[in-house]
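[1] Just the structure for this:
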Amino acid sequence: MISFFNYFYKFSLGLVVILYFSCAQFRGPKYPEIIYNNKQPLISVKYEYGEIQIILPIQYDGDIPENILFKVFAKADTMNPIISFLQEAPSEFRTTLPQGSLDITEKTNLIKIIPQDENFDPVSVRFKGIGFGRIVLPPKVIRSGQLIISGKTFLKNDASILPKVKVEIKDSEDVIFTTSSNDSGFYQIAIPGEYRFSENLKIVVGENLIFKPFTQKLIFDNVRKLKINALLGPSRAMRGPLYITEKSNVHFKKGPDIGAEILFLLNKGEVVSVDRITPGSYHGFIEVEISGGENIMMEGWINRADLRELNLNSIRKVIK
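    Numbers count the residues shown, from 1 in each chain. Okay, the predicted model is just below:
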């Protein structure tokens with residue numbers, strides 16, 4: 001029995017020795033220091049982030065609106081503004097937008113400048129954007145909106161159309177705009193908005209006709225458009241024979257005698273309805289406009305030398 005245990009012990013010991021040396025065959029090599037891997041599989045990403053600052057200098061030509069609404073649109077979208085705000089009329093418009101919000105290839109970005117005053121028209125500024133940084137745009141001038149005067153030219157006695165009649169806008173006696181009515185008698189004139197406050201602005205129609213021109217003061221009270229129809233020549237109330245003054249400052253007197261009281265000084269082109277004749281004078285009637293635009297008839301005497309007979313078939317001035 002003892003010999004069996006001795007045998008088993010020796011067998012087991014030998015097996016352990018064999019396995020020890022056998023496993024040693026598969027061990028990796030030993031190194032005295034830690035080995036560092038010099039490869040760096042890291043990716044360095046550089047990302048720049050910034051905002052877009054827009055600066056738009058604003059200049060005013062004449063009157064200045066109290067408040068202005070600014071709207072900024074991008075990439076041809078004119079319905080949905082990126083930013084919109086109201087402020088007092090500034091000397092320059094500044095705003096900041098997120099990076100990448102603008103079109104950087106074409107001028108499809110837009111700033112709408114909307115003065116909160118009906119006397120001014122909205123204006124727009126188109127520009128090309130940048131990715132980020134500062135944009136300084138050229139100055140934009142804000143002006144009062146144009147004043148529009150339009151109407152038609154008629155012959156007063158039968159309301160027929162008078163084409164190609166000269167129309168002038170004057171400030172005192174300075175002509176600031178001239179046009180003519182078309183074949184339908186229509187005319188339209190646009191003048192700068194700053195003339196709204198002129199106290200001597202007037203329209204003069206018919207300088208190229210033999211009649212006294214139609215003249216009316218222009219008053220723009222909270223409006224920018226006026227419609228003025230010009231009626232030229234004598235009315236139906238003026239019965240023939242009709243005569244017309246040959247010069248200005250013609251004496252319209254109370255009587256035919258020398259030294260008679262002068263009622264009016266008539267301008268060139270004044271039409272007179274004559275009903276009596278003396279060797280040196282005509283007695284007749286003129287139309288005088290009173291307040292409210294109503295015409296009344298006034299009678300008096302005029303020297304015959306100051307009048308000539310009126311031919312309604314030849315009413316245009318002959319240019320010599």
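[2] Give me the phi and psi angles of the residue nearest to M298 when sequence neighbours are not counted.
    Once its chain neighbours are removed from consideration, M298 has its nearest residue in V288; the separation is 5.0 Å (C-beta to C-beta, 6 or more residues apart in numbering). The C-beta positions use only the backbone N, C-alpha and C, and glycine is treated the same way. V288 adopts backbone torsions of phi -120, psi 130, taken as degrees, to the nearest 10.
[3] what separates K247 from L232, distance-wise?
    Separation of K247 from L232 (C-beta to C-beta, to the nearest Å) stands at 19 Å.
[4] What of V165?
    For V165, the distance to L232 (C-beta to C-beta) stands at 7 Å.
[5] neighbour count winner among K247 and L232?
    A count of neighbours by other C-beta atoms under 10 Å puts L232 above the other of K247 and L232, at 21 against 11.
[6] I figured the more buried one was touching I210, is that so?
    No. Taking C-beta atoms under 8 Å as the contact criterion, L232 and I210 are not neighbours in contact, 9.8 Å apart.
[7] what touches both of those two?
    Contact with both L232 and I210 is made by no residue, according to C-beta atoms under 8 Å, 6 or more residues apart in numbering.
[8] OK, contacts around the closest residue to R143 other than its chain neighbours?
    Distance criterion C-beta to C-beta, 6+ apart; nearest residue to R143, sequence neighbours excluded, is D61 at 4.5 Å. Under the criterion of C-beta under 8 Å, 6+ apart, the contact partners of D61 comprise V141, I142, R143, S144, E194.
[9] Determine the number of other residues adjacent to the fourth one.
    Counted by other C-beta under 10 Å, the residues lying close to S144 total 23.
[10] now it, which residues is it bridged with?
    In this structure, S144 has beta-bridge partners F120, where bridges are defined by DSSP bridges.
[11] And it, what's its pLDDT?
    The pLDDT attached to S144 in the predicted structure is 84.
[12] thought it was touching F120?
    Yes. A contact is recorded between S144 and F120 when judged using C-beta under 8 Å, the distance being 5.9 Å.
[13] which residues are contacting stretch 93-106?
    Identification of contacts with stretch 93-106 by C-beta under 8 Å, 6+ apart yields 49-56, 58, 70, 72, 74-76, 82-83, 109, 111, 113, 128-132.
[14] what about burial for those residues, which qualify?
    Burial of the contacts of stretch 93-106 was assessed by neighbour count (16 or more other C-beta atoms under 10 Å); the buried members are 52, 54, 56, 58, 70, 72, 74, 82-83, 109, 111, 113, 129-130, 132.
[15] Let's see which of the residues you listed end up in strands.
    With DSSP state E as the criterion, strands contain I52, I54, L56, I58, F70, V72, I83, N109, I111, I113 from among the buried ones among the contacts of stretch 93-106.
[16] and the last one, bridged to which residues?
    Taking DSSP bridges, one obtains F70, V123 as the residues bridged to I113.
[17] these two touch, right, it and P122?
    Yes. I113 sits in contact with P122 when judged by C-beta under 8 Å, with a separation of 6.4 Å.
[18] Where does pLDDT dip in the stretch 1-150 of the chain?
    In the predicted model of the stretch 1-150 of the chain, residues 1-49 satisfy pLDDT under 70.
[19] those strands in it, which residues are they?
    In chain order, the stretch 1-150 of the chain shows strands spanning 52-61, 67-73, 83-88, 92-97, 109-115, 123-127, 133-136, 140-143, 147-155, with DSSP state E, counting those that start in this stretch as the criterion.
[20] Need the contact partners of the third one.
    Under the criterion C-beta under 8 Å, 6+ apart, residues E66, N67, I68, L69, F70, K71, V72, T95, L97, Q116 lie in contact with strand 83-88.
[21] Which two of those residues have the greatest separation?
    The widest separation within these, taken as C-beta to C-beta, falls between E66 and L97 and amounts to 26.3 Å.
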